[in-house]
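# Here is a sequence with its predicted model. Questions after.
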Amino acid sequence: MEEHFGDLAWWPAETGFEVIVGTILTQSTAWRNAEKAIGNLREQHLLTAEKIIKTKEARLSDIIRPAGYHHEKAKRLKEISRFVLNECGGQLEKLKKRKTEHLRTILLRTRGVGPETADSILLYALDKPVFVVDAYTKRIFSRHKLISRDASYGDVQCLARKNFPVNTKKLNQFHALLVETAKKFCKKKFPLCSGCPLENVK
């Protein structure tokens with residue numbers, strides 16, 4: 001996959017907090033829609049936890065409309081912003097010093113943050129070596145008979161942990177490569193197996 005796609009340099013963002021915002025906005029939508037919403041927030045100079053909290057929910061919802069489910073996501077952005085301010089005063093470097101499991105536990109207590117979002121924040125915003133499991137990962141792994149179609153999030157993560165280096169940079173690239181491979185080749189309905197970088201992987 002790396003030979004085919006090269007270094008994907010994920011996550012595309014200017015700050016760690018922008019990554020966190022992106023993990024919320026990209027839920028249940030395509031990245032291009034989340035990117036439009038992030039662009040709107042940037043234009044309004046609202047890409048800080050403090051400013052998101054101070055912005056009225058109705059206005060915030062309107063600004064992030066391109067991301068879909070904008071009313072709910074506005075609430076979630078406020079919740080994750082409170083989390084960031086309460087836990088580290090907005091200074092993510094302080095969070096990075098904490099243990100991964102502790103961070104994951106408290107992230108999962110936050111409204112709108114499930115395992116995939118929590119792990120995305122850990123990996124891409126806080127530089128923690130965790131494997132992010134998403135629909136693309138499950139699709140590729142199940143089609144290559146590595147997991148069953150109904151495998152749990154934890155089962156897939158455990159498989160990766162046992163067979164892949166626990167290294168932040170490599171896990172970042174691995175997840176990005178899986179996403180790109182699924183989007184370009186391992187499509188949901190009509191997979192393009194011919195030419196796929198995983199075509200001959202058994």
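Received, thanks.
# any low-confidence regions in this protein?
Low-confidence segments of the chain (pLDDT under 70): 202.
# Could I get the contacting residues of the residue positioned nearest the centre of it?
Nearest to the geometric centre of the chain sits Ser120, at 3.7 Å (Cα atoms, centre = their mean). Contact analysis of Ser120 by Cβ atoms under 8 Å, 6 or more residues apart in numbering lists Trp11, Val19, Thr23, Val132. Using the backbone N, CA and C atoms, a C-beta is placed for each residue, glycine as well.
# Tell me which residues of the helix or strand containing His102 come out buried.
Using DSSP states H and E, His102 sits within helix 100-107. For helix 100-107, the neighbour count (16 or more other Cβ atoms under 10 Å) marks Leu103, Arg104, Ile106, Leu107 as buried.
# and the two most separated of the residues you listed?
Using Cβ to Cβ, the buried residues of helix 100-107 reach their maximum pairwise distance at Arg104 and Ile106, which is 7.7 Å.
# How is this structure partitioned into domains?
The chain is divided into the following domains under automatic domain parsing: 16-125, 132-184.
# of those domains, which approaches His4 most closely?
Per Cβ to Cβ, nearest to His4 of these: domain 132-184, 7.9 Å.
# re earlier: closest to Glu43 among the buried residues of helix 100-107?
Leu107 (28.0 Å).
# how near is that closest one to Ile20?
Distance of Leu107 to Ile20, given as Cβ to Cβ, to the nearest Å: 10 Å.
# shared neighbours of these two, anything?
Ile121.
# circling back: for the helix or strand that comes right after the helix holding His102, which residues meet the burial criterion?
Once the chain leaves helix 100-107, the next helix or strand it forms, by DSSP H and E, is helix 115-120. Within helix 115-120, the residues scored as buried using 16+ other Cβ under 10 Å are Pro115, Glu116, Thr117, Ala118, Asp119, Ser120.
# The nearest residue to the third one once chain neighbours are set aside: what's it in contact with?
Just to be clear, that refers to Thr117. Excluding the flanking residues, the one nearest Thr117 by Cβ to Cβ, 6 or more residues apart in numbering is Thr23, at 4.9 Å. Applying Cβ under 8 Å, 6+ apart, we find Thr23 in contact with Thr117, Ser120, Ile121, Tyr124, Ala125.
# at 7 Å what do you get?
For Thr23, the contact set (Cβ atoms under 7 Å, 6 or more residues apart in numbering) comprises Thr117, Ser120, Ile121.
# Glu79 now?
By Cβ under 7 Å, 6+ apart, the contact set of Glu79 is Thr110, Arg111, Gly112.
# redo that, cut-off 8 Å
By Cβ under 8 Å, 6+ apart, the contact list for Glu79 reads Thr110, Arg111, Gly112, Val113.
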